[in-house]
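Visitor: Structure for this input, please:
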Amino acid sequence: LKAQQEQLAAQQAEAQRQAALKAEQERIAAQQAEAQRQAALKAEQERIAAQQAEAQRQAALKAEQERIAAQQAEAQRQAALKAEQERIAAEKAKTEQERLAAEEAEKAKAKAAAAEKTKTEEAEKAKAAAAEKAKTEEAQKTKTAENAKAEDTQKAKVEEPKTAENNTLPQSYVESRSKASTKGSAITDEKNILSQPMDPPLQADTSAKINLTFDAKNYETMTGTVDNKTITYRAFEYIPYVSNPIDIDQQYLNIYVPEEYFNNDTINGYTTQTAPIFMPNSVGGYMPSQPMVPKAENGKPNSALYALSRGYVVASPATRGRTNKASDGNYIGKAPAVIVDLQAATAYLHANDAAMPGNANRIITNGTSAGGAVSLLQGAAGNNVDFQPYLQALGAATAPTDVYASSAYAPITNLDAADMAYEWSYNGITSFDKVSMGQGELPQANISGNAAPPKRTTQRVTLNTDDVAYSNLLKEHFPDYVNNLQLRDSIGRVLRLDKNGDGSFKAYVKAFIIDAINKAQANGTDVSKHTYVIRDPKTGAIKDINWEAYNRFVSRSKAPGAFDSRSNDSGENNLFGTSTSDNNHFTITAALHDTTSNQDVYVENAKIVTMMNPMNYLGSPAATNARYYRIRYGTADSNTSMAIPLIIGTRAQNLGYRVDMATPFNVDHSGDYDLEELFNWMDSIVKNGR
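Guide: Modelled structure (predicted):
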């Protein structure tokens, strides 16, 4: 029994040992499995880490490659820009050399011609002297016959109509006719385009010989209020600025000077010798204008009164306009009368610079609408010989006519290109509200507030098929005009349009609208109703303007032929009349499509049209250009195309002049709405300029 018990105990002990051994083996196996799992996990982690490291390396490599590519692209762009700038400089240098060479050649040619003429004249004189005695009787007979013939010729000349052969057209009639579309037009084979002969420079019937010396004793002391501060100034009024005025009621100047300058005091850092001269005009619609008088309007100072508070001398002229007539019924204010009068007033200021307060070398002009146009023309056309015969006929002071800077609000300018630009903007808009005005009248801009004056009664107008065809024609011509200008943006890129009117120039114009909206938003203006704005769906930032929707929102206010009307009845047609003809076309296109005649149609003389456009004088070596320009044209203004003021400003920028150009958001046809900003700009160019 004991043996059995020991055997059983031994078996149990063996079983326990076997169980313990098995448990140990299982534990060891589990450990090994865990070790393998951990090793596999570690290997996987290392693999993933390696993949991530490789991805990071690849990303870094790609970023570096992109950076290097960007650097290379920028270097190429800079090199191209530099090359383009060098090309432009070389072209300018070449052009200047060619011009100088041509001038020298012309001088040599003229000298040789003069010598040849003198030689010929001397030979003819000798020959005539030798034959004079023998031919006296025959000469007398010839003279009698010629007198009779001259009488017949003069009689025929009085009776016969004007002919195209006697006048020079502003541009090739044949070329323009070949390019002009006849779709729905009134062109006939019989229509003749005739150029109006130029009126000689107008002068008074009698010589007044008015003294043009400034009289410092002839004044009245006046006061005004700006920001609750009393402004005391001396008013020198009704000063003729020409010695032989045609219309003394339209050719005089008012000068206003802060009283401080007569007490050797300073204002805004200016003294009686250094004070700039602010020269605002009140021209509107190219009509006759009177000087701007310092006063408050709607509780706010006008620009003349505000200028005095800032230490400026104010010189504001009256000017002739397109409706002025003499006692004999002849017109005396047609183009170029308004710019001639403004230049005469400028010459008066230069001539009297030593005798009156203010610095005539710091004259800054300002105007709105047509006044903005002639302000820009003053800036561009200083001292040009085109105007000298007109100034001399009036007895203007023999002095410079250039100005230091020009400010323009909503300028109605570049008239001979404005019809094309208008249809580039508003083509496709066939129904609009037309303001009812008198014949030949233009909208008058508000020059004291932020909104245009209340509009007169309007009528809804729908364009007919002929109008639409004419709109299409004008729009088609605009890209060629823009491309020929070779304008460039601020980084030197050429601004162009394709045949559809799209391209970098359109993007350039839209960028001004976008900038205006961004500024308005930053100032808290709600722009949500302006659905022509295209935004980035993620950021909300403005990325583009729907051009057609924008122009529909603003809407046209004039029919195609907005300036040179096909019916020859616009205010601009009235501007380009002559002393005896009230209205004239001033573009070949409008004359070809004239709706009033199928035969003879007259176009204003090319020289007069040239004299009214600042684009013809900017950059001209024969003119003294102002070096500073400030241009404002509101985004809600449809009195011309926004392209027109931007073209003028961009041309000035490309010439190296300093231009402050903007399109204030939702501003209509108005001016002088940001006087503090205007005079801050004026101070900056006077105090920091050269």
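Visitor: right, and the secondary structure at residue 31 would be what?
Guide: helix (DSSP: H, G, I helix; E, B strand; the rest coil).
Visitor: export the one helix or strand residue 476 maps to as PDB, just CAs?
Guide: For residue 476, the host element (DSSP states H and E) is helix 465-485. C-alpha atoms of helix 465-485 as PDB (Å, rounded to 0.1, in the frame of the first residue of the first chain):
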ATOM      1  CA  THR A 465     -30.700  98.900 -86.000                       C
ATOM      2  CA  ASP A 466     -28.800 101.800 -87.600                       C
ATOM      3  CA  ASP A 467     -27.600 103.000 -84.200                       C
ATOM      4  CA  VAL A 468     -26.600  99.500 -83.200                       C
ATOM      5  CA  ALA A 469     -24.600  99.100 -86.400                       C
ATOM      6  CA  TYR A 470     -22.900 102.400 -85.800                       C
ATOM      7  CA  SER A 471     -22.100 101.300 -82.200                       C
ATOM      8  CA  ASN A 472     -20.500  98.100 -83.500                       C
ATOM      9  CA  LEU A 473     -18.400 100.100 -86.000                       C
ATOM     10  CA  LEU A 474     -17.100 102.500 -83.400                       C
ATOM     11  CA  LYS A 475     -16.300  99.700 -81.000                       C
ATOM     12  CA  GLU A 476     -14.400  97.800 -83.700                       C
ATOM     13  CA  HIS A 477     -12.100 100.900 -84.300                       C
ATOM     14  CA  PHE A 478     -11.100 101.300 -80.600                       C
ATOM     15  CA  PRO A 479      -8.600  98.400 -80.300                       C
ATOM     16  CA  ASP A 480      -6.500  99.800 -83.100                       C
ATOM     17  CA  TYR A 481      -6.500 103.200 -81.400                       C
ATOM     18  CA  VAL A 482      -5.400 101.800 -78.100                       C
ATOM     19  CA  ASN A 483      -2.800  99.500 -79.600                       C
ATOM     20  CA  ASN A 484      -1.200 102.300 -81.600                       C
ATOM     21  CA  LEU A 485      -0.700 104.300 -78.300                       C
END
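Visitor: buried sites along it?
Guide: 466-479, 481-483, 485 (16 or more other Cβ atoms under 10 Å). For every residue, glycine as well, the C-beta is placed using N, CA and C.
Visitor: what packs against that helix?
Guide: Secondary-structure packing of helix 465-485 (3 or more Cβ pairs under 8 Å, 6 or more residues apart in numbering; DSSP states H and E): helix 415-426, helix 588-592, helix 643-654.
Visitor: Got the confidence number for residue 335?
Guide: Confidence at residue 335, expressed as pLDDT, is 98.
Visitor: SS state for it?
Guide: Residue 335 is classified as coil under three-state DSSP.
Visitor: Any idea how many residues pack against it?
Guide: Residues near residue 335, counting by other Cβ atoms under 10 Å, number 24.
Visitor: check contacts around residue 290.
Guide: When contacts are counted by Cβ atoms under 8 Å, 6 or more residues apart in numbering, residue 290 touches 282, 318.
Visitor: buried stuff in the helix or strand following the helix holding residue 476?
Guide: Downstream of helix 465-485, the next assigned helix or strand under DSSP H and E is helix 504-522. If you call a residue buried by 16+ other Cβ under 10 Å, then helix 504-522 has these buried ones: 504-510, 512-514, 516-517, 520.
Visitor: Same list, the residues you listed, but as CSV with distance to residue 60 and pLDDT please.
Guide: Output for these, formatted as CSV (distance: Cβ to Cβ, whole Å; pLDDT from 0 to 100):
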residue, distance to residue 60, pLDDT
504, 37, 98
505, 42, 98
506, 41, 98
507, 36, 98
508, 39, 98
509, 42, 98
510, 39, 98
512, 41, 98
513, 42, 98
514, 36, 98
516, 42, 98
517, 40, 97
520, 43, 96
